[in-house]
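Chemist: Model the structure of this input:
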Amino acid sequence: MSTPTFDTFCKQALDEGFDEIITREWAPQLHLDTHTHPFDVSAYVARGEYWLTTGDEVRHLKTGDNFRLARNVPHAELYGPEGATVWVARAN
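Modeler: Reported below is the predicted structural model:
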């Protein structure tokens, strides 16, 4: 799979029914305790790394990785030493 541009990420997300697309910049070593979101997420890690914990599963996400998370799924996040830039599509 080729590396997407922000524009191609947006187009694909909109084509799939996501209705809000944002860029999130996360600080180095930021830890977000377990929480939920009232929307589905499709995301792409454009820079940096972080660990996404859902239940007993911990995923180490790095630049170039993408993931999906359904609404109301409890999860925690821990960002790496350089922080991260994540493109996030939301289906509200």
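Chemist: quick one, helices of this protein?
Modeler: All helices of the chain, identified by DSSP state H, fall at 6-15.
Chemist: any idea where the strands of it begin and end?
Modeler: Assigned strands in the chain, in chain order: 20-26, 31-35, 40-54, 57-62, 66-69, 75-91 (criterion: DSSP state E).
Chemist: Export the ones you listed as a markdown table, with columns for distance to Cys10 and mean neighbour count.
Modeler: In this view, the C-beta of every residue, glycine as well, is placed from N, C-alpha and C. Compiled in a markdown table, the strands of the chain are given as follows (distance: least, Cβ to Cβ, whole Å; neighbours: other Cβ atoms under 10 Å):
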| stretch | distance to Cys10 | mean neighbour count |
| --- | --- | --- |
| strand 20-26 | 5 | 13 |
| strand 31-35 | 24 | 10 |
| strand 40-54 | 10 | 18 |
| strand 57-62 | 20 | 12 |
| strand 66-69 | 14 | 14 |
| strand 75-91 | 8 | 18 |
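Chemist: Can I get these in CSV including mean pLDDT and distance to Gln12?
Modeler: CSV is the format used below for these (pLDDT from 0 to 100; distance: least, Cβ to Cβ, whole Å):
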stretch, mean pLDDT, distance to Gln12
strand 20-26, 98, 10
strand 31-35, 98, 26
strand 40-54, 98, 8
strand 57-62, 98, 18
strand 66-69, 96, 10
strand 75-91, 98, 8
